[in-house]
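>>> Whatever this is, show me its structure:
(4 chains)
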2 protein chains.
Amino acid sequence: MSEGVSAGGGLRERKKKATRAALVEAAVRLAAEHGVEHVTVDAISAAAGVSTRTFFNYFDSRDEVFVMIGADSGDRVRRAVLAAPRDRSPLDALREALASELEEIERHQELWHLHAEVLRGAPQLLARSLGAHMADELGLAETLAERIGGGSPLFTPERPAFSTPADQERRRALGLYPRLLAAVGTTAVRVAVEHWCVRQGETGFADVFRETFEHLAAGLPAPAPAPDAPAS
Amino acid sequence: MSEGVSAGGGLRERKKKATRAALVEAAVRLAAEHGVEHVTVDAISAAAGVSTRTFFNYFDSRDEVFVMIGADSGDRVRRAVLAAPRDRSPLDALREALASELEEIERHQELWHLHAEVLRGAPQLLARSLGAHMADELGLAETLAERIGGGSPLFTPERPAFSTPADQERRRALGLYPRLLAAVGTTAVRVAVEHWCVRQGETGFADVFRETFEHLAAGLPAPAPAPDAPAS
DNA sequence: AAGCAAAAATGCAGAGTCTGCAAAAATATA
DNA sequence: TATATTTTTGCAGACTCTGCATTTTTGCTT
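Sure thing, here's the model as predicted:
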């Protein structure tokens, strides 16, 4: 009615965002309670107050709804990579971009923690989640190439999918190094998160993250023997 | 009857292997002809001469049949890692193990080429294929830990799944470095293969592979400017 | 060779996922 | 208020996948 809304576009877009969020939240809550495998699209849709059909207007598959947190992380990371000081090496620029994004995430810890809890029983989804959304490899590779190369007019933010038909062409235009850096960086984040998840409480995430990228920057040399259990 | 078979176990196991192979081959052929998306389990089963239900006795999901080539690569890589000369760094040991496995694969090029052709239109499956079977990250990480640490009695070959319930425990016992090395190595192979696939004919795969691991060993420093298109 | 037990294949029912399509409801605009 | 656009919804239908009971095949013993 006479509601004076301040931010956001039209009512339509706000409603869409709300529905999307409602579906994600319902999915996560139900999964936390009953286990991911036992949550049907029907249940999620009902809990969110929309029809089953509408669910599939928002997500391409059932799994996708469990993976949609941090869907905009990719963009933020890429912007941060481009905005990094010029004296940073590509790896450093990427590391710092990822680090600040992860800090951002830690701020919403409650939600992420619930997600982590849910995905604990479904590592396949965890991997997919992190791999798919944290950095969107192809887009990230393009951004890295742009930063390294100079002023290519690429940028292309807000790229959702990663395997569209003519993406092959985008891949062709890229060198090996940007793709490798994007892939390895993403992988490193995944490993760090997994390692930290599995030993929650023992170490702060920041430490794990730092150590991970130190290994990378050093060229992955054999590490010093374990501190508390030195081999014979 | 009075058939004098030489190799292989009983008839039973041979038949199972044959059925498995028939299903994989039928799937690949049908996919090559009609596109992966349009190949139903019914069609695959019919082409292989078994019932639809039987298909699911062999594969957990439809997609799995497109990904089952190289299912035993993981084991070979792990054995090679353990057998590597003692003076190799972990990264070198892994690189050499992966390299010989990839040579092995190139020997079966026809089959793999057909697969590659099929998966060209389904990069998601390609990624899954390589990621899931080339090295089985968790198992590989354990093997690397064993090689580095000394004589832990692990080994655990022939590990099929990667997200079983109590796998968490296996993960806990591992250090960050072996997991990172396994993950990054696997990722590097994936990137090398993808890059090479996308520019087939321009370079030999061996070159791409070598360059990839040189980047890793050097700590991913900013690369020299492109040879044919130097930035301003 | 006949018989028996284990293993595998099969059919079938049923739950669940996902896609078009056309009608209905909601929203934006004039 | 009237109209155009977008979104939601219901429905039919194809497909994936699972559990269970039954039939067929295989391996081994007598």
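
>>> And chain A, what are its domain boundaries?
Annotated domains of chain A cover A:11-66, A:73-217 [automatic domain parsing].

>>> looking at these, which is buried most?
domain A:73-217 (a mean of 18; mean count of other Cβ atoms under 10 Å in any protein chain shown). Quick note: C-beta positions are derived from backbone N, CA and C, even for glycine.

>>> so who does the residue nearest to residue A:29 when sequence neighbours are not counted touch?
Nearest residue to residue A:29, sequence neighbours excluded (Cβ to Cβ, 6 or more residues apart in numbering or on different chains): residue A:47, at 7.4 Å. By Cβ atoms under 8 Å, 6 or more residues apart in numbering or on different chains, the residues touching residue A:47 are A:26, A:29-30.

>>> Inside helices: which ones of the residues you listed?
Using DSSP state H, the members of the contacts of residue A:47 that fall in helices are A:26, A:29-30.

>>> just curious, which of the residues you listed is nearest to DNA strand C?
Comparing the ones in helices among the contacts of residue A:47 against DNA strand C with Cβ to the nearest atom of the strand places residue A:30 closest, at 10.8 Å.

>>> contacting residues for the closest residue to the closest one other than its chain neighbours?
In space, and not counting its chain neighbours, residue A:30 is closest to residue A:39: 4.6 Å by Cβ to Cβ, 6+ apart. Residues in contact with residue A:39, defined by Cβ under 8 Å, 6+ apart, are A:27, A:30-31.

>>> Reformat those residues as JSON lines; add pLDDT.
Shown next, in JSON lines, are the contacts of residue A:39 (pLDDT from 0 to 100):
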{"residue": "A:27", "pLDDT": "94"}
{"residue": "A:30", "pLDDT": "93"}
{"residue": "A:31", "pLDDT": "91"}
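
>>> before we move on, the earlier item: how about the ones in helices among the contacts of residue A:47 in a markdown table, adding distance to DNA strand C?
Putting those into a markdown table (distance: Cβ to the nearest atom of the strand, whole Å) gives the following:
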| residue | distance to DNA strand C |
| --- | --- |
| A:26 | 13 |
| A:29 | 16 |
| A:30 | 11 |
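
>>> overlap between these and the residues near DNA strand D?
Among the ones in helices among the contacts of residue A:47, no residue lies close to DNA strand D (Cβ under 7 Å from any atom of the strand).

>>> Please see if stretch A:63-70 touches DNA strand C.
Yes: legend: contact between stretch A:63-70 and DNA strand C by Cβ under 7 Å from any atom of the strand is shown at residue A:63.

>>> That stretch and chain B, are they touching?
No: Stretch A:63-70 does not reach chain B (Cβ under 8 Å from any Cβ of the partner chain); its nearest approach is 12.0 Å.

>>> Same question for stretch A:91-98.
Yes: counting by Cβ under 8 Å from any Cβ, chain B has neighbours in stretch A:91-98: residue A:91.

>>> Please report how far the residue nearest to residue A:29 lies from DNA strand C.
13 Å (Cβ to the nearest atom of the strand, to the nearest Å).

>>> name the element that residue belongs to?
helix A:41-48 (DSSP states H and E).

>>> hmm, back to that, how far away is the residue nearest to residue A:30 from residue A:27?
7 Å (Cβ to Cβ, to the nearest Å).

>>> before we move on, what about residue A:109?
In terms of Cβ to Cβ, residue A:109 sits 19 Å off from residue A:27.

>>> got it, and residue A:100?
From residue A:100 to residue A:27 the distance is 28 Å (Cβ to Cβ).

>>> cool, residue A:40 as well?
Residue A:40 is 10 Å from residue A:27, by Cβ to Cβ.

>>> Can you tell me which residues in chain A are near DNA strand C?
Applying Cβ under 7 Å from any atom of the strand, we find that chain A lies next to DNA strand C at A:10-12, A:15, A:39-42, A:53, A:56, A:60-63.

>>> at 10 Å instead, please
By Cβ under 10 Å from any atom of the strand, the residues of chain A that approach DNA strand C are A:9-16, A:36-45, A:51-57, A:59-65.

>>> quick one, phi/psi of residue A:69?
Backbone torsions of residue A:69, given as degrees, to the nearest 10, read phi -80, psi 140.

>>> Apologies, that question was intended for residue A:203.
According to degrees, to the nearest 10, residue A:203 has phi -140, psi 160.

>>> Go ahead and confirm it touches residue A:192.
No: using Cβ atoms under 8 Å, residue A:203 is not in contact with residue A:192; the gap is 10.5 Å.

>>> Give me the below-cutoff pLDDT ranges for chain A.
Low-confidence segments of chain A (pLDDT under 70): A:1-9, A:123-124, A:126-135, A:150-173, A:225-232.

>>> Just want the angle from the helix or strand hosting residue A:185 to helix B:176-198.
Using DSSP H and E, residue A:185 falls within helix A:176-198. Calculated by axes from the mean of the first three to the mean of the last three Cα atoms, to 10 degrees, helix A:176-198 forms an angle of 150 degrees with helix B:176-198.

>>> other SSEs contacting helix A:176-198?
When contacts are defined as 3 or more Cβ pairs under 8 Å, 6 or more residues apart in numbering or on different chains; DSSP states H and E, helix A:176-198 sits against helix A:90-107, helix A:123-133, helix A:137-149, helix A:205-217, helix B:167-172, helix B:176-198, helix B:205-217.

>>> run the last query once more with 6 Å
helix A:90-107, helix A:137-149, helix A:205-217, helix B:176-198 (3 or more Cβ pairs under 6 Å, 6 or more residues apart in numbering or on different chains; DSSP states H and E).
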